[in-house]
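Q: Test case, fold it:
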Amino acid sequence: MKKVISTEKLPIKLWLDDIEEGALKQAKNLANLSFALKWISIMPDSHQGFGMPIGGVMATKDVIVPNAVGVDIGCGMCAVKTSLTEINTETLKKIMSEIRKVIPVGFSHQDKKQDESLMPEILKVPSGKIVEKEYESALKQIGTLGGGNHFIEIQKGSDGHIWIMVHSGSRNFGLKIADYYNKLAIKLNEKWNSSVPKEWELAFLPIESEEGNFYYREMKYAVDFALANRKLMMGRIQEIFSNTINPLNEHDQEIGSIQFEDMINIAHNYASLENHFGENVWIHRKGATLAREGTIGIIPGSMGTSSYIVEGLGNKDSFESCSHGAGRKMGRKQAIRTLNLEEEQKKMEGIIGSPRSQGDLDEAPGSYKDIDVVMKNQKDLVKVLVELKPLAVIKG
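A: Next up, the predicted model:
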């Protein structure tokens, strides 16, 4: 931990020195909520979000706050270690080309509905709620990457192996659920004459209320869908690896089959009921991941910098949490406007998938914080197991 701010109702514990003014203001708002408990924890990748900073962790009693979860509910990382120890550029290019054919990116969806067996079991909630409304559309969204900072990356690990990593979320489910229930919370908070100022964007729902219960169940479905989405993409990428790397002999038999270890998965936008300091509380992690003692997690850098497979240390001060990545240091529009294309391309020299035009710079390395500093600032939250260096990347 870098420092503690004690000027508000609750302390604010920070794992960074360079928190931006907007994010700090939001953290102070959180620290003055009547239902927040113990303290507010701010991770080393933190930056301003809607209502709550990205990279924020908050414990509450009996209420849940949609904006403290965020719009891409269940967004997270998955990674798989392969048995490969080397892969050449030509093979990498073939694999990335095939991935682009199989996995839609950005706003693109599948051409046809996917098998329903790939979906989480639909919730039994009253008709008219978001999951039931969006379910049919989601059958074309499962197995798609999405846009923004979502990515597929092929990496070389410090363990000597080639890794596959995917960052994606719940697609339209998360956005629609977050928007619907945040608006509902605002309406109800006004009706109740809530003490939470509307401009804080932190409207809440009592978890025992019908509305709070519906939100939790639909949020949980979005988390499950996001995992199913990543699983499907990872499975199809593994199939591409196998088909590209394992040649067939004249008897149509594989020569030297590639092996894949079990998938590591970690989400970073959700709320869950957990026991901390002897009581059950709702932990909101917005752009933060679980780092319970022994939990294996993933902390990605920006495109062009290292990512890390980590093990949680179970630090109670962070509610057993850690950062979810490097964290932005400038907005997308600012990055496109101010970053130098040639300089950003040099940072990614030798990596397949570097920015090709000024318009691609919204996700360039220069728009993110230094991942080395982020990792140094959270040595008391996680320990590094494997460092992963990018070889090829597809951005949403």
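Q: show me what contacts the residue most central in space within the chain?
A: Centroid-nearest residue in the chain, with C-alpha atoms, centre = their mean: residue 76, separated by 3.3 Å. Contacts for residue 76 were tallied using C-beta atoms under 8 Å, 6 or more residues apart in numbering; they are 167-169, 226-227, 230, 265-269, 289, 324. C-beta coordinates here come from the backbone N, C-alpha and C atoms, glycine included.
Q: and residue 311, what are its phi and psi?
A: In terms of degrees, to the nearest 10, the main-chain angles of residue 311 are phi -120, psi 130.
Q: quick revisit: without its sequence neighbours, what residue ends up closest to the residue nearest to the centre of the chain?
A: Distances taken as C-beta to C-beta, 6 or more residues apart in numbering place residue 267 nearest to residue 76, at 3.6 Å, with adjacent residues excluded.
Q: ok, now residue 58?
A: In space, residue 58 is closest to residue 284, 4.7 Å off (C-beta to C-beta, 6+ apart).
Q: What is the distance between the host helix or strand of residue 166 and the centre of its chain?
A: Under DSSP states H and E, the secondary-structure element containing residue 166 is strand 162-168. Mean-position distance between strand 162-168 and its chain equals 12 Å (C-alpha atoms, centre = their mean, to the nearest Å).
Q: Quick one: name whatever helix or strand follows that strand.
A: Reading on from strand 162-168 to the C-terminus, the next helix or strand found by DSSP H and E is helix 172-191.
Q: buried set for that next one?
A: Neighbour counts over helix 172-191 (16 or more other C-beta atoms under 10 Å) mark 172-178, 180-182, 184-186, 188-189 as buried.
Q: Backbone torsions only: list them for residue 150.
A: The phi/psi pair for residue 150 (degrees, to the nearest 10) is phi -70, psi 150.
Q: close enough to count as contact, it and residue 165?
A: No. Judged on C-beta atoms under 8 Å, residue 150 makes no contact with residue 165 at a distance of 11.2 Å.
Q: Count residues in the vicinity of residue 137, would you?
A: The number of residues packed near residue 137 is 14, by other C-beta atoms under 10 Å.
Q: so who does the spatially closest residue to it that is not a sequence neighbour touch?
A: Spatial nearest neighbour of residue 137, excluding adjacent residues (C-beta to C-beta, 6+ apart): residue 172 at 6.4 Å. Contact partners of residue 172, counting by C-beta under 8 Å, 6+ apart, are 134, 137-138, 141.
Q: still on that earlier bit, which of the contacts of residue 76 fall in helices?
A: Of the contacts of residue 76, the ones assigned to helices by DSSP state H are 226-227, 230.
Q: Save these as CSV, and put in neighbour count too.
A: As requested, these are exported to CSV (neighbours: other C-beta atoms under 10 Å):
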residue, neighbour count
226, 29
227, 21
230, 26
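Q: Just the closest of the residues you listed to residue 389, please.
A: Nearest to residue 389 among the ones in helices among the contacts of residue 76, counting by C-beta to C-beta, is residue 230 at 21.5 Å.
Q: sorry, back to before: can you tell me which of the contacts of residue 76 lies nearest to residue 60?
A: residue 269 (15.9 Å).
Q: Wait, a strand at residue 111?
A: No. If the criterion is DSSP: H, G, I helix; E, B strand; the rest coil, then residue 111 is coil and not within a strand.
Q: If you drop the residues flanking it in sequence, what lies closest to it?
A: residue 140 (7.8 Å).
Q: Check residue 232 too.
A: In space, residue 232 is closest to residue 143, 4.0 Å off (C-beta to C-beta, 6+ apart).
Q: for residue 384, same thing?
A: Per C-beta to C-beta, 6+ apart, closest to residue 384 is residue 308, 5.2 Å.
Q: Now do the phi/psi pair for that neighbour.
A: Torsion angles, degrees, to the nearest 10, at residue 308: phi -140, psi 140.
Q: which residues in the stretch 51-200 of the chain form helices?
A: Ranges of helices in the stretch 51-200 of the chain, per DSSP state H, counting those that start in this stretch, are 89-102, 130-138, 172-191.
Q: Tell me the buried residues in the second one?
A: Residues of helix 130-138 classed as buried: 130-131, 134-135, 138 (neighbour count, 16+ other C-beta under 10 Å).
Q: For these, give me CSV that also has pLDDT.
A: Formatted as CSV, the buried residues of helix 130-138 follow (pLDDT from 0 to 100):
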residue, pLDDT
130, 92
131, 92
134, 93
135, 93
138, 96
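Q: Quick one: those as CSV, columns for distance to residue 11 too.
A: Formatted as CSV, these follow (distance: C-beta to C-beta, whole Å):
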residue, distance to residue 11
130, 36
131, 37
134, 39
135, 43
138, 41
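Q: what's the closest of those to residue 104?
A: residue 138 (13.4 Å).
Q: ok, for that closest one, nearest residue in space, not its chain neighbours?
A: Closest residue to residue 138 apart from its sequence neighbours, by C-beta to C-beta, 6+ apart: residue 173 at 6.0 Å.
Q: Sketch out the low-pLDDT regions of this protein for me.
A: Where the chain drops to pLDDT under 70, the residues are 123-128, 247-256.
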